[in-house]
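**Student:** here is a sequence with its predicted model. Questions after.
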Amino acid sequence: MAFLPFVIAWHRKVIGWRAPAVYAALSATVLGFAIVQPKVNAWFAVAVWTFMITTVVHVLLLDRSKQQIK
């Protein structure tokens, strides 16, 4: 569900369509790998944590830009 804040920001015309598309594709990829692979290696955990941290940082940047607009 990392893409949800970006879809809402796109719907409100705060950002373009590319960011939600990229996050939706990455979320689907992570979910697909989690379902398909019964054994998860260490790189998968690193990729998921990196993806989550990047999402949090971008959501915080969206919040800050929203406050500057007001």
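**Tutor:** That came through fine. Numbering: from 1, shown residues only.
**Student:** top helix in this structure by residue count?
**Tutor:** If you go by DSSP state H, the chain has its longest helix at helix 42-69.
**Student:** quick check: buried residues in it?
**Tutor:** With burial defined by 16 or more other Cβ atoms under 10 Å, the residues of helix 42-69 counted as buried are 51, 55, 58, 62. For every residue, glycine as well, the C-beta is placed using N, CA and C.
**Student:** what stretches of the chain score poorly on pLDDT?
**Tutor:** For the chain, the stretches with pLDDT under 70 are 38, 63-70.
**Student:** on contacts alone, who are the packing partners of the longest helix of the chain?
**Tutor:** With contacts taken as 3 or more Cβ pairs under 8 Å, 6 or more residues apart in numbering; DSSP states H and E, helix 42-69 sits against helix 4-11, helix 18-36.
**Student:** rebuild those as TSV, extending it with distance to Phe44 and mean neighbour count.
**Tutor:** Output for the helices and strands packed on helix 42-69, formatted as TSV (distance: least, Cβ to Cβ, whole Å; neighbours: other Cβ atoms under 10 Å):
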stretch	distance to Phe44	mean neighbour count
helix 4-11	22	17
helix 18-36	6	13
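**Student:** for the ones you listed, which one sits closest to Val46?
**Tutor:** Proximity to Val46 (Cβ to Cβ) singles out helix 18-36 among the helices and strands packed on helix 42-69, at 12.0 Å.
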